[in-house]
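K.L.:
I'd like to go over a predicted model; first the sequence, then the structure.
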Amino acid sequence: MWLDTLQEKHYRALYEITRKVEPYNAAMLYEQFSLVMSRREGFVVVTPSGELAGCISFSDYVPGSNIMIHCTIDEKYQRRWCTRKILKEVYSYIFKILDLPRVSGFCIVGVSDKAGEFHLALGGKYEGTIRKGALLPDGLYDVNLYGMLKEECRWI
């Protein structure tokens, strides 16, 4: 697997992946998804056969301070896409190219708990809970926040 630059041409395939692996986003229209993705930058994860396995995107960039990381991977590639080479590329982008002191990520409690486990496995730290911080179609959910400081990153 390798990374390529996230581009508009990838949105349709990523939309379909997102609808499968993030059921809380299943009702999102393609136009809404495209608008969200157009405000992000990042990478797509590409399989050896050229198929998109998912994406690693970034939002809420604050120069000199922080960026929010988002990761969506098709179920059939989960636990198979995350290589040292890919992690080095992603974290080098954050900590060397953008020269940020930290990166943040989140998970919606009871909905996307695997995202929290993933942040911890990569070396992130649990930083707190934003109570009722996410509005989904069936109600409000708590959001756990994770962060990694540049000096804590073992991938660069």
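P.N.:
Great, that's in hand.

K.L.:
neighbours of residue 119, just the number please.
P.N.:
25 (other Cβ atoms under 10 Å). C-beta coordinates here come from the backbone N, C-alpha and C atoms, glycine included.

K.L.:
please verify my assumption that residue 147 contacts residue 101.
P.N.:
No: counting by Cβ atoms under 8 Å, residue 147 does not reach residue 101; the two are 10.2 Å apart.

K.L.:
and those two? Which one has more around it.
P.N.:
residue 147 (17 against 12).

K.L.:
now the worst-scoring helix or strand of the chain on mean pLDDT: buried residues?
P.N.:
Here the helix or strand of the chain ranked lowest by mean pLDDT, DSSP states H and E is helix 113-122, holding a mean of 90. Residues of helix 113-122 classed as buried by neighbour count (16 or more other Cβ atoms under 10 Å): 115-116, 118-119, 122.

K.L.:
and the following helix or strand past that helix, C-alpha only, in CSV?
P.N.:
Note on helix 113-122: by DSSP states H and E, the next helix or strand toward the C-terminus is strand 125-136. Only the C-alpha atoms of strand 125-136 are listed here, as CSV (Å, rounded to 0.1, in the frame of the first residue of the first chain):
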residue,chain,number,x,y,z
LYS,A,125,-2.5,10.2,24.7
TYR,A,126,-6.1,10.5,25.9
GLU,A,127,-6.6,14.2,26.8
GLY,A,128,-10.2,14.4,27.9
THR,A,129,-13.9,14.1,27.1
ILE,A,130,-16.1,16.7,25.5
ARG,A,131,-19.4,15.9,27.0
LYS,A,132,-22.3,15.8,24.4
GLY,A,133,-19.8,17.1,21.8
ALA,A,134,-21.2,15.3,18.8
LEU,A,135,-24.7,15.6,17.4
LEU,A,136,-25.7,12.5,15.4
